[in-house]
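Peer 1: What would the 3D arrangement of this be:
(one chain, ligands or ions: 1)
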Amino acid sequence: MPYVSPHRENLPMNLDPHISLPITALSSPTLQSLEQHQPIPQHQLPPSLELQHQQQINQQQRQQQLQLEQQQLQYARGVDESQGLLHKSTTSKGKYSLKDFQILRTLGTGSFGRVHLVRSVHNGRFYAMKALRKSQVVKMKQVEHTNDERKMLKLVDLAFVIRMWGTFQDCKTVFMIMDYIEGGELFSLLRKSSKFPNPVAKFYAAEVCLALEYLHNHNIIYRDLKPENILLDKNGHIKLTDFGFAKEVPDVTYTLCGTPDYIAPEVVATKPYNKSVDWWSFGILIFEMLTGFTPFFDSNPMKTYENILQAQVTYPDYLGSDVVDLLQKLITKDLSNRLGNLQNGTDDVKQHEWFDEVIWDRLHNRDIETPYEPPIQSGCGDTSQFDRYPEAELDYGIEGVDDPYDNLFEEF
Ligand SMILES: Nc1ncnc2c1ncn2[C@@H]1O[C@H](COP(=O)(O)OP(=O)(O)OP(=O)(O)O)[C@@H](O)[C@H]1O
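Peer 2: Down below sits the predicted model:
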């Protein structure tokens, strides 16, 4: 049955209420469609993540798997020029074109278009193709953000961040080709599981922390951290996706963007801000993973903003004192006290007591067993972890029509 995801909407340029469903009260169609997802079976979860005790993992097996993944990555990157898709361009600029892919189904929809599962006609591999309508991007004043998204994704190279292989455009649409991440959104898993046990939340938070560390080290602010933008790969590791608001900011910026529940007070108050906003959202993310709701939620977004500006959080009793301490240091209006935003940067977050068990080097190498492996049965190209979206008639690839936005997306 067609189903529209209850994702929280971004608020690109203004504070107009444009929010979706109360996140704690999912409507029955939503629950119905989530039935296809496998929740984390609570009784099967490790009693504690106890990252230090993961040595029992069969090292050799993991090593082999890593090698295999590396070989596959090299292949897909086109290191082998004779076979690699990346070097088989059908356009003069050495880029992809629509003819290189067979479009299969919709994986997700956004404000300006949709993301399709596609298959390369050259190497048979699956990719995710994000298609953004130029007219919609222009209407919503997102031209700069769209160009930034492409620029940021081209720059980044980290296992916890989605990899983009290339871009192209036709007269109506810009396209981005990315790795297809089979495990679905952390959002879906969280809704199905209601909330995550402490060790599970800690695992995902720790991987997200490494992604933020990497981005911030490259002067990139992400600005849209939320479970909808965190995908799980087939092994259950995270991949940050949707760089629509990511920006290279060496000092400060002012743009009002993000998703209401997750926006930092300095953004709501239109003050200059920098990486600090990601650490605020990081706190909201941990809170939501552990409780199943966000701390400032109100069905009226204007009230949400008021709540954010007051930054008064009620921490449920079942949260441990260590995580409450961390959250209080992240979800604070006081920028001179917000963890991650201080002199030691990300190290302060990584060294917080709540993350004590985490062996960061091993986590970085993805050498830690994940708490949940998405049940991907039919191998590459399996879409069982994604909700079904109504398919639309596509008008991609039409030639010979005037493009009024020709000069706006020159890099694509
Ligand atoms: N690489 C990918 N692999 C698998 N699914 C993906 C991938 N990229 C995106 N998706 C799916 O498509 C959805 C929409 O993607 P994305 O958030 O990038 O689009 P968007 O147009 O920027 O959306 P929004 O308007 O909400 O910001 C994601 O939430 C996810 O479910």
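Peer 1: So which residues of the stretch 151-300 of the chain form strands?
Peer 2: 164-169, 173-179, 220-221, 230-232, 238-240, 247-248 (DSSP state E, counting those that start in this stretch).
Peer 1: Next, format these as JSON lines and append mean pLDDT and distance to residue 259.
Peer 2: C-beta here means a position set from N, CA and C on the backbone, and glycine is covered the same way. Shown next, in JSON lines, are these (pLDDT from 0 to 100; distance: least, CB to CB, whole Å):
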{"stretch": "strand 164-169", "mean pLDDT": "94", "distance to residue 259": "22"}
{"stretch": "strand 173-179", "mean pLDDT": "96", "distance to residue 259": "20"}
{"stretch": "strand 220-221", "mean pLDDT": "96", "distance to residue 259": "15"}
{"stretch": "strand 230-232", "mean pLDDT": "98", "distance to residue 259": "13"}
{"stretch": "strand 238-240", "mean pLDDT": "98", "distance to residue 259": "14"}
{"stretch": "strand 247-248", "mean pLDDT": "92", "distance to residue 259": "16"}
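Peer 1: Can you tell me which of the ones you listed is packed in deepest?
Peer 2: Among these, the stretch with the highest mean neighbour count (mean count of other CB atoms under 10 Å) is strand 230-232, at a mean of 26.
Peer 1: Give me the contact list for that one.
Peer 2: Residues from elsewhere that reach strand 230-232 (CB atoms under 8 Å, 6 or more residues apart in numbering): 162, 181, 183-187, 189, 204, 208, 238-241, 372, 374, 385.
Peer 1: Pull the distance from that strand to the chain's centre.
Peer 2: 6 Å (CA atoms, centre = their mean, to the nearest Å).
Peer 1: I'd like to know which of the strands of the stretch 151-300 of the chain is closest to residue 118.
Peer 2: strand 173-179 (7.6 Å; CB to CB).
Peer 1: List the pairing partners of that closest one within its sheet, with orientation.
Peer 2: strand 126-133 (antiparallel), strand 164-169 (antiparallel) (DSSP bridges).
Peer 1: Give me the average confidence score over the longest one.
Peer 2: Going back to what we said before, that points to strand 126-133. Average pLDDT, strand 126-133: 97.
Peer 1: Flag every buried residue along it.
Peer 2: 126, 127, 128, 129, 130, 131, 132, 133 (16 or more other CB atoms under 10 Å).
Peer 1: and the stretch 101-250 of the chain, which of its residues are near the ligand?
Peer 2: Residues of the stretch 101-250 of the chain lying close to the ligand by CB under 6 Å from any ligand atom are 107-108, 110-113, 115, 128, 130, 162, 178-181, 185, 228-229, 231, 241-242, 244.
Peer 1: how does it look with 8 Å?
Peer 2: With CB under 8 Å from any ligand atom as the criterion, the stretch 101-250 of the chain meets the ligand at residues 107-115, 117, 127-128, 130, 132, 149, 162, 178-182, 184-185, 187, 224, 228-229, 231, 239, 241-245.
Peer 1: same question, the stretch 251-400 of the chain
Peer 2: So far as CB under 8 Å from any ligand atom goes, the stretch 251-400 of the chain lies against the ligand at 386, 387.
Peer 1: Where does the stretch 251-400 of the chain get nearest to the ligand, residue-wise?
Peer 2: As assessed by CB to the nearest ligand atom, the ligand sits closest to residue 386 within the stretch 251-400 of the chain, at 6.3 Å.
Peer 1: Please apply the same query to the stretch 151-300 of the chain.
Peer 2: Closest to the ligand within the stretch 151-300 of the chain is residue 242: 3.5 Å, counting by CB to the nearest ligand atom.
Peer 1: For that residue, which non-adjacent residue is spatially closest?
Peer 2: residue 229 (4.4 Å; CB to CB, 6 or more residues apart in numbering).
Peer 1: Residue 241 is in contact with the one you found, correct?
Peer 2: Yes: with contact defined as CB atoms under 8 Å, residue 229 reaches residue 241; the gap is 5.6 Å.
Peer 1: show me the contacts for residue 221.
Peer 2: Contacts for residue 221 (CB under 8 Å, 6+ apart) come out as 215, 246, 247, 249, 253, 274, 275, 277, 278.
Peer 1: partners of the third one in the sheet?
Peer 2: Read it as residue 247. residue 221.
Peer 1: can you map out the helices along this structure?
Peer 2: 28-34, 59-77, 134-139, 143-155, 186-193, 198-217, 265-268, 276-291, 301-310, 321-330, 346-350, 360-364 (DSSP state H).
Peer 1: Comparing those, which comes out most buried?
Peer 2: helix 276-291 (a mean of 25).
Peer 1: Can you list the helices and strands that it packs against?
Peer 2: helix 198-217, helix 265-268, helix 321-330 (3 or more CB pairs under 8 Å, 6 or more residues apart in numbering; DSSP states H and E).
Peer 1: Now do the closest residue to residue 239 other than its chain neighbours against residue 184, distance only.
Peer 2: Nearest residue to residue 239, sequence neighbours excluded (CB to CB, 6+ apart): residue 231, at 4.6 Å. Per CB to CB, to the nearest Å, residue 231 is found 7 Å from residue 184.
Peer 1: what does residue 197 give?
Peer 2: For residue 197, the distance to residue 184 equals 19 Å [CB to CB].
Peer 1: wait, what's in contact with the residue nearest in space to the middle of the chain?
Peer 2: By CA atoms, centre = their mean, the chain has its centre lying nearest to residue 229, at 2.6 Å. Going by CB under 8 Å, 6+ apart, residue 229 touches 185, 240, 241, 242.
Peer 1: Which members of the contacts of residue 221 are the farthest-apart pair?
Peer 2: 215 and 253 (14.3 Å).
Peer 1: Count the neighbours of the residue of the stretch 151-300 of the chain closest to the ligand for me.
Peer 2: Residues contacting residue 242 under the criterion other CB atoms under 10 Å number 22.
Peer 1: how much space between the residue of the chain at minimum distance from the ligand and residue 142?
Peer 2: Nearest to the ligand in the chain, going by CB to the nearest ligand atom, is residue 110, at a distance of 1.8 Å. Separation of residue 110 from residue 142 (CB to CB) stands at 11 Å.
Peer 1: Quickly list what's touching both of those two.
Peer 2: By CB under 8 Å, 6+ apart, the residues touching both residue 110 and residue 142 are residue 244.
Peer 1: of these two, who's got more company?
Peer 2: Between residue 110 and residue 142, counted using other CB under 10 Å, residue 142 has the larger neighbour count: 22 against 17.
Peer 1: where does the more buried one land on pLDDT?
Peer 2: Residue 142 carries a pLDDT value of 93.
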